[in-house]
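S.K.: Pasting the sequence and the predicted model now:
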Number of protein chains: 2
Amino acid sequence: MTTFIDVDYGYQNPDLNLSQEDYSLLTDLYQLTMAACYTGEGIEQKRASFELFVRRLPDGFGYLIAMGLAQALEYLAKFRFNSAQIAALQETGIFTHVPDRFWSLLAEGAFTGDVWAVPEGTAVFANEPFLRVEAPLWQAQLVETYLLNTINYQTLIATKAARLRDIAGEKATLLEFGTRRAFSPQASLWAARAALAGGLDATSNVLAAIQLNQKPSGTMAHALVMALSALEGSEEQAFTAFHEYFPGAPLLIDTYDTVAAAQKLALKVKTGEMKLTGVRLDSGDLVSLSKTVRSLLPDVAIFASGDLDEWEIQRLKTEGAKIDGYGLGTKLVTGSPVNGVYKLVDIDSIPVMKMSSGKFTYPGRKQIFRAFTANKLQADKLGLSEESFSEEKPLLQLVMKDGKQLQPPESLTTIRQRTAVSVASLPEETRRLENPISVKVEISEMLQNLTEETKSQY
Amino acid sequence: MTTFIDVDYGYQNPDLNLSQEDYSLLTDLYQLTMAACYTGEGIEQKRASFELFVRRLPDGFGYLIAMGLAQALEYLAKFRFNSAQIAALQETGIFTHVPDRFWSLLAEGAFTGDVWAVPEGTAVFANEPFLRVEAPLWQAQLVETYLLNTINYQTLIATKAARLRDIAGEKATLLEFGTRRAFSPQASLWAARAALAGGLDATSNVLAAIQLNQKPSGTMAHALVMALSALEGSEEQAFTAFHEYFPGAPLLIDTYDTVAAAQKLALKVKTGEMKLTGVRLDSGDLVSLSKTVRSLLPDVAIFASGDLDEWEIQRLKTEGAKIDGYGLGTKLVTGSPVNGVYKLVDIDSIPVMKMSSGKFTYPGRKQIFRAFTANKLQADKLGLSEESFSEEKPLLQLVMKDGKQLQPPESLTTIRQRTAVSVASLPEETRRLENPISVKVEISEMLQNLTEETKSQY
């Protein structure tokens, strides 16, 4: 059986880090081969509209919080191919049959299209576009991979963060601790941003916090207790030393015997030797331990960590655990993805749709129309972009025109507040963890008609 | 309840991209506060040994393929703090009580320690260290977060790739298509590397392929079929055009009617109008469709894609699907993580261990001793690094001495071959997908004794 792979495993020094100018090559090969094919056929400048949406919500999710637009727009604004990148593509030997015009297109090209998007922090449901790109076909095609990468991941993290905040309540402190388990260093930065924008209070990731103008957050690790116990004689020495340099930081008390550690600290607090603000529990029965620790240290914040997620926080609260803050890591930053797709819906003013088994898409440029009653989401209608309804608010906004961003990036505060308002607007059945029922999206009559009409043409 | 968080959401222009010099700040805050505490206590230069391992294998896994060492060593070799980074740390206001010596330590510091590691592509099991860092305490502590991030993710991907290759067989073509679902752009690069090193043939990620000196791979997307159908009249036009520019690339035939598309192509192949090498199926019943397509296009490679994983490939093979290659995306690059941890095992020649409930660790610097019989893994023993056994091969090797790398990075070919040999050496019960039984790791008598002795000192 012939295959088309010609693999050479000779390279010695892979550099798998990123610089901004690498981003235009961070795409699937077929985006480039298709763009070359469009150029060969002379249709590369035809106006194309692609929409980004999910066909289904992830299992157990009633809604998604759209996130990642800021990074998507930054990418589009900087989209370029330099001569080294073009030479690298030519050297692959894959493009030997494409017209020369393809190379001048890349060399001269930038993103010149329009982008419509829902603001970051907006709740969206299955089949509702988060974003639409309207651009010359070759550009709209090439940017697919990066836009999906950016928006899929940040949307997943923001949605989990919003669920965590919803379950934990406004008063709980929620800390993002996922860097060591995030899927690459850059993933940890993007996770931190999306987590804060989705409702968490702070991140332990120092670089992310500095880039986002936030104060990083953290406690201490078992290693410190173990090292100072071994070198200076006791766990108490470790507490005293750390507290001296970081009087505001919580102490980790589960390295050896949690209750014994809390008792020793209680004595120090009572005698005024230590002004303790917080402790962290990272193992054991968090319900009973937190109650014991609260009784011993009544004015000290108790933080919990260790594979926590929204389900576990709900259980801890239900069982009366005395916990003021949660460290969220592994289960926040990893797991099943948001499976966003990016589909052609209109080419040269011809609405198109995909008919593949189980992967049907609605044709045409669309708009989400959302009706509210007293700040509560009443109904969602998916219609065509040219439709308008008196009561419903259109959610997709023009955010980039002719390749130029129309507004400066929003602050994290703005996005975080929008997320909170979005979640609060949802029906209880959509917010709950157990078998959430998503908001039913009505299809407008015009979109229904267009769908039937388009279908009949295949 | 007081908390220690002081959040300022005022920043307007987050830059969540990475440059190499950012990496030293890509760490959890507590690594820096602990390093400062060690400095305050005057113990920052004490020799510390930390080991990286998993307590449990991920659910359903019988082994792990260690990966990510090359990037870990690159990070250690470049580990530095510049003055802007130090100023940024000082501006957080978190370090106001630490001695000035901490700042000179960071300013002058580099990584000067030793690293022992198993070579990339080695199979490892629960409690076996992939890597040990022996360094001044402050350095060994600070590098934890990045080392875990790097090794956890690449090990996950390499292990999945090894399982995919094991199930699909040597002749199958396995393509990495995960970029759009990877958790950040950098994650897609690291996933591509680990997937190729773990046994896949090629990646669709153009940047990753170029960095790794590989030829990128890919087919075509539904958008091309939809655009050319709309503008030029038919799916056939789309096939003819794409084939003209990329005669070696497989055609995607499931946009409208898979069998009808295959029939049309069969006619073109029969008349000699088209020298078709491959087609791709992305939806529908892959078993029956692949059989039909094979009967219509007997000499054409059939590629399948669409949420495939090792389980689905096993099912397709069992049910007699006629598939020559698989595109692996979402389920390869996302999902539950490898939960590696990095634990202090020795400080200033004092072996230490963690006793937290359910999170017990073995004390002391360790070595993995592996016994083989005719290239088959016979038994694994976890012992102390100073032990030696005549029959068993010690797996951890010294790869960095006093901060200097001892060998140049290995080629992907070398690592890929080692992965294949490692998997082939495992018992059938460890390789199988259904309830795999991991290799039992024996604890040497010396390590047992040290563990009892260390325990008794707490």
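M.R.: Thanks, I have it.
S.K.: can the helix or strand where residue A:33 lies be found next to chain B?
M.R.: Using DSSP states H and E, residue A:33 falls within helix A:29-40. Yes - Helix A:29-40 is in contact with chain B by Cβ under 8 Å from any Cβ of the partner chain, via A:29-34, A:36-38, A:40. Placement of C-beta: from N, CA and C, glycine included.
S.K.: any idea which of these is closest to residue B:388?
M.R.: When those are ranked by distance to residue B:388 (Cβ to Cβ), residue A:29 comes first, at 49.5 Å.
S.K.: Which secondary structure state does the residue nearest to the closest one when sequence neighbours are not counted sit in?
M.R.: Among residues not flanking residue A:29 along the chain, residue B:218 sits closest, at 3.5 Å (Cβ to Cβ, 6 or more residues apart in numbering or on different chains). The three-state assignment at residue B:218 reads coil, by DSSP: H, G, I helix; E, B strand; the rest coil.
S.K.: what's the burial count for residue B:218?
M.R.: 28 (other Cβ atoms under 10 Å in any protein chain shown).
S.K.: from what I can see it touches residue B:249, true?
M.R.: Yes - using Cβ atoms under 8 Å, residue B:218 is in contact with residue B:249, at 7.2 Å.
S.K.: domains for chain A, by residue range?
M.R.: Listed by automatic domain parsing, the domain ranges of chain A are A:20-157+A:336-456, A:162-333.
S.K.: Between the two ends of the first one, how far is it?
M.R.: I take that to be domain A:20-157+A:336-456. By Cα to Cα, to the nearest Å, the extent of domain A:20-157+A:336-456 from end to end equals 45 Å.
S.K.: Off-centre distance for it?
M.R.: 15 Å (Cα atoms, centre = their mean, to the nearest Å).
S.K.: Check stretch A:240-259 too.
M.R.: 33 Å.
S.K.: Spell out whether that stretch and chain B are in contact.
M.R.: Yes - counting by Cβ under 8 Å from any Cβ, contacts between stretch A:240-259 and chain B involve A:241-242, A:244-250, A:254-257.
S.K.: Can you go through the residues you listed and name the buried ones?
M.R.: A:241-242, A:245-246, A:248-250, A:254-257 (16 or more other Cβ atoms under 10 Å in any protein chain shown).
S.K.: Tell me what the residue nearest to residue A:339 when sequence neighbours are not counted is bridged to.
M.R.: In this structure, residue A:339 finds its nearest non-sequential neighbour in residue A:54, 5.9 Å apart by Cβ to Cβ, 6+ apart. Residue A:54 forms beta bridges with residue A:340, as assigned by DSSP bridges.
S.K.: Against residue A:190, how distant is the most centrally placed residue in chain A?
M.R.: For chain A, residue A:154 is the residue whose C-alpha lies nearest the centre (Cα atoms, centre = their mean; 1.2 Å). Distance from residue A:154 to residue A:190, counting by Cβ to Cβ, to the nearest Å: 6 Å.
S.K.: between these two, what contacts are shared?
M.R.: A:68, A:71 (Cβ atoms under 8 Å, 6 or more residues apart in numbering or on different chains).
S.K.: circling back: which one among the residues of stretch A:240-259 next to chain B gets closest to residue B:376?
M.R.: Checking the residues of stretch A:240-259 next to chain B against residue B:376 by Cβ to Cβ gives residue A:255 as the nearest, at 40.5 Å.
S.K.: So that closest one: helix, strand or coil?
M.R.: coil.
S.K.: name the element the residue in the stretch 351-458 of chain A positioned nearest to chain B belongs to?
M.R.: Proximity of the stretch 351-458 of chain A to chain B (Cβ to the nearest Cβ) peaks at residue A:413, 3.4 Å away. Per DSSP H and E, residue A:413 falls inside helix A:412-425.
S.K.: export the helix or strand just after that helix as CSV, just CAs?
M.R.: Helices and strands here follow DSSP H and E; after helix A:412-425, the next one along the chain is helix A:428-431. The C-alpha coordinates for helix A:428-431 follow below in CSV (Å, rounded to 0.1, in the frame of the first residue of the first chain):
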residue,chain,number,x,y,z
GLU,A,428,-30.9,27.3,37.3
GLU,A,429,-31.3,24.0,35.3
THR,A,430,-28.5,25.3,33.0
ARG,A,431,-26.1,26.2,35.8
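S.K.: Name the residues of helix A:428-431 that come out as buried.
M.R.: Neighbour counts over helix A:428-431 (16+ other Cβ under 10 Å) mark A:430-431 as buried.
S.K.: before we move on, what about stretch A:266-282?
M.R.: A:266, A:268-269, A:274, A:276-282.
S.K.: got the residues of the stretch 301-450 of chain A near chain B?
M.R.: Residues of the stretch 301-450 of chain A lying close to chain B by Cβ under 8 Å from any Cβ are A:301, A:324-325, A:330, A:333-337, A:339-340, A:342-344, A:347-348, A:350, A:352-359, A:408-409, A:411-413, A:416.
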